[in-house]
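Asker: Need coordinates for the following:
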Amino acid sequence: MAKYYLLILFSFLVLTPGKSQNSIGEILRKYNSGNVAYISAEELRMHQLNSKVMILDAREKEEYEVSHIPGAILVGYNDFKLPALITDLKNERIVVYCSIGVRSEDIAEKLIKAGYRNVENLYGGIFDWKIKDFPVVDITGKSTQKVHAYSRHWSKWFSNAEKIY
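Answerer: Residues are numbered from 1 along each chain as shown. Predicted structure coming up:
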């Protein structure tokens, strides 16, 4: 009888969907305040190709070195300091990104508090950028298929890249 109950319990645990997030959107709703406007990968790509936009990478150096959005400037997250090169650009369009959009919202909020008026957060971060098959480059500027997945847990959000941990 005890084996029967254990089998039922095991089946319930294995077959019942867990409480984990099923989409990037769910994660962003859970962890972000929503105080920073989002921009989609498609919109950013249009602006990148047709107009002036400053793209800031809020990931860490090892993530940036694996790959980043072309033209992005590494500002990091753990040791973020307002980049001197953007102090005169308070009215320019600035897009901040990270892996999926959580760390980048924190950095975008700091920029807004510092007086920057046109700051957006890339919805889905570099993961969504890569899912949409937009280009990423390595530290030498060469096109690559590699993306730093932050961790194995987060790597489930994209499949069309070589994942680095």
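
Asker: After the helix or strand of the chain with the lowest mean pLDDT, which helix or strand is next? Please name it.
Answerer: Lowest on mean pLDDT, DSSP states H and E among the helices and strands of the chain sits helix 2-15, with a mean of 38. Sequence order places helix 24-31 as the next helix or strand after helix 2-15, per DSSP states H and E.

Asker: Run through the neighbouring helices and strands of that following helix.
Answerer: Applying 3 or more CB pairs under 8 Å, 6 or more residues apart in numbering; DSSP states H and E, we find helix 24-31 packed against no helix or strand. In short, each C-beta sits where N, CA and C put it, glycine included.

Asker: Now do the same for it: mean pLDDT, whole number.
Answerer: The average pLDDT within helix 24-31 is 90.

Asker: Tell me where the chain has helices.
Answerer: Taking DSSP state H to define them, one finds helices in the chain at 2-15, 24-31, 41-50, 61-66, 103-113, 125-131.

Asker: Need the CA coordinates for the third one. CSV is fine.
Answerer: So the one you mean is helix 41-50. C-alpha atoms of helix 41-50 as CSV (Å, rounded to 0.1, in the frame of the first residue of the first chain):
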residue,chain,number,x,y,z
ALA,A,41,14.3,43.6,-30.7
GLU,A,42,12.7,44.5,-34.1
GLU,A,43,12.3,48.2,-33.1
LEU,A,44,15.9,48.4,-31.8
ARG,A,45,17.2,46.8,-35.0
MET,A,46,15.3,49.4,-37.1
HIS,A,47,16.8,52.3,-35.0
GLN,A,48,20.2,50.7,-35.1
LEU,A,49,20.1,50.6,-38.9
ASN,A,50,18.3,53.9,-39.6
